[in-house]
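Asker: whatever this is, show me its structure:
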Amino acid sequence: MNTSVQNQEHVDVLAKKGTCIEFFSAYQDMDVERMLSLCDANGTIAFVPLGSDYAGKIDSVGKAVWSALMTAFPNLDNTVKSQRYDEASDAVVCQVVIFGKQESEFAGMPSKGNDFDTEHIFIFRFNKAGKIADINVNWDHQSFVAQLTK
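Answerer: Sure, this is the predicted structure:
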């Protein structure tokens, strides 16, 4: 592979990683519209532990879940612990801790005023224009529920 192609691939990987960091910055700012602006209009998402009802278009399923989270957890925040590029799947994998205090009902769970702190794995894939085209989100849902319902 020539140096020019290697340099372009390196720039592309850095751009993808930068987009992921911008996504989590928007998440911290609770700016769902900014999060969505980084995504392909036809992009897909899967919140894996929640099953097929929580898989679909980023601009509908993703927006609904994030909006509900931000309403129920007004101090919702995140910390990106690690980020790596997986060449085999052409994806950026981010290990992120998401945390906050529940102030209102979320996903059928009434608020007990509890905090949660749960590690998530986000896998981002991109389209040729550099927009997020697919997001796969996974976490220990049993731990999340236990923290909120104790």
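Asker: how about the residue nearest in space to the middle of the chain: which residues does it bridge to?
Answerer: The chain has residue 122 as the residue nearest its centroid, 5.3 Å off, counting by CA atoms, centre = their mean. Note on residue 122: beta-bridge partners by DSSP bridges are residue 94, residue 137.
Asker: what about it, distance to residue 114?
Answerer: Using CB to CB, to the nearest Å, one obtains 24 Å as the distance from residue 122 to residue 114. Quick note: C-beta positions are derived from backbone N, CA and C, even for glycine.
Asker: same check on residue 75?
Answerer: With distances taken as CB to CB, residue 75 is found 13 Å from residue 114.
Asker: who touches both of these two?
Answerer: Common contact partners of residue 75 and residue 114 (CB atoms under 8 Å, 6 or more residues apart in numbering): residue 101.
Asker: does residue 135 touch residue 123 like I think?
Answerer: Yes - using CB atoms under 8 Å, residue 135 is in contact with residue 123, at 7.1 Å.
Asker: which of those two has more neighbours?
Answerer: residue 135 (21 against 17; other CB atoms under 10 Å).
Asker: give me the neighbour count for residue 130.
Answerer: Counted with other CB under 10 Å, residues neighbouring residue 130 total 14.
Asker: next, count neighbours for the spatially closest residue to it that is not a sequence neighbour.
Answerer: The shortest distance from residue 130 to any non-neighbouring residue, by CB to CB, 6 or more residues apart in numbering, is to residue 15 (5.7 Å). Residues near residue 15, counting by other CB under 10 Å, number 12.
Asker: and residue 15, how far from residue 109?
Answerer: Shown here: residue 15 relative to residue 109, a distance of 38 Å by CB to CB.
Asker: on that earlier part again, so the residue nearest to residue 130 belongs to a strand, correct?
Answerer: No - counting by DSSP: H, G, I helix; E, B strand; the rest coil, residue 15 is not part of a strand but helix.
Asker: begin at 58, not 1, for the rest of this chat.
Answerer: With 58 as the first residue, the last one maps to residue 72.
Asker: how near is it to residue 84?
Answerer: Residue 72 is 19 Å from residue 84, by CB to CB.
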